[in-house]
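Participant: no sequence on this one, just coordinates:
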């Protein structure tokens, strides 16, 4: 999926007023997702996205590895912290960040291979289930 297509879909799903808002939201969500999932997985996700969007995930993965974290383990924080980080980065209220995150994850579901999106879903804790596209929340869970 091309950059413009991803941003356009995020804008429509999140009902954002303009492309700039969609770019801002998408970047904030991808950077935060890159912190939350394992660095190695973040790099795989980045590889399936346009370079301008994948950069957010790669930066988060590089920071994690630079901090000495294991490439197979993401930073363990829950949904409230995820939403707070997205809100801070995007400069929006938490409710807006939650809506934007849901939209970005829905678009990612169509942009990534199903196997990779399954890995992303399984790398997140149970409290993220409501943000994941329908059907992904229970996949990969015992």
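Facilitator: Thanks, I have it. All values reported here derive from a predicted model rather than from experimental measurement.
Participant: immediately after the helix or strand of the chain with the lowest mean pLDDT, which helix or strand?
Facilitator: Lowest by mean pLDDT, DSSP states H and E among the helices and strands of the chain is helix 51-66, with a mean of 91. Sequence order places helix 79-90 as the next helix or strand after helix 51-66, per DSSP states H and E.
Participant: Packing partners of the least confident helix or strand of the chain?
Facilitator: Helix 51-66 is packed against helix 3-14, helix 19-36, helix 39-47, with contacts defined by 3 or more CB pairs under 8 Å, 6 or more residues apart in numbering; DSSP states H and E. For glycine as for every other residue, the C-beta is placed from the backbone atoms N, C-alpha and C.
Participant: Contacts for that helix next, please.
Facilitator: With CB atoms under 8 Å, 6 or more residues apart in numbering as the test, helix 51-66 has contacts from 3, 6, 26-27, 30-35, 39-40, 42-43, 45-49, 71, 74-75.
Participant: Throw the helices and strands packed on helix 51-66 into TSV and include mean neighbour count and distance to residue 53, thanks.
Facilitator: Listed next are these as TSV, based on neighbours: other CB atoms under 10 Å; distance: least, CB to CB, whole Å:
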stretch	mean neighbour count	distance to residue 53
helix 3-14	18	6
helix 19-36	23	6
helix 39-47	21	8
